[in-house]
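1. Build the 3D model from these lines:
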Amino acid sequence: MVGPLVSDPACYTGAIMWLATQHGFYSIVQKAPDQFHVRARVRRDLDNLLRLVGSSVPVYEWPAADYRYRIIIGRRQLIDMMAALALSLDYPNFKEKIASLPDQRPKLEAFHEVWEIMAGLQQNGPAPGAPDRPRPVA
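-> Just a heads-up that it's a prediction; the model follows:
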């Protein structure tokens, strides 16, 4: 299904989220008080998400948009989607999980790059000889 491109900056409220999951990579933006666009670069990612939540909302295609595919949902649907994603967590290592999934494996190199960039932002890397257990942070 092809939908109109919403290009009016007034439609964008500033809320945005990226989600890297075992089901796909998503960018979520709020366009109105009860309207969220869950966007993906790969159509299969949205199909995976809709299958996970048991939804049949239409997938729209915007050929000229930065994220070609999207679904449009309300706040309640977004909350249900986030809960379903949380309940689907079944792995101890995200990148290993992605490597094991044929439809997600093409994203693995990008996830490694993001991991490396974000690790570079972490202050005070692992302390030599520190125990491998968490400690309270003041």
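2. In contact with the residue nearest to the spatial centre of the chain: list those residues for me.
-> The geometric centre of the chain, computed from its C-alpha atoms, lies nearest to residue 19 (CA atoms, centre = their mean), at 2.0 Å. Each residue near residue 19 by CB atoms under 8 Å, 6 or more residues apart in numbering is listed here: 25-28, 85. The way it works is simple: take the backbone N, C-alpha and C, and place the C-beta from them, glycine included.
3. what's the helix or strand for it?
-> strand 16-20 (DSSP states H and E).
4. residues of that strand that come out buried?
-> Neighbour-count burial for strand 16-20, counted by 16 or more other CB atoms under 10 Å, picks out 19-20.
5. Please shift the residue numbers so they start at 13 in all later answers.
-> Yep, numbering from 13; the last one is strand 28-32 now.
6. Show the average pLDDT along it.
-> Average pLDDT, strand 28-32: 90.
7. Mind listing the strands that strand pairs with, and their directions?
-> Here strand 28-32 is paired, per DSSP bridges, with strand 37-44 (antiparallel).
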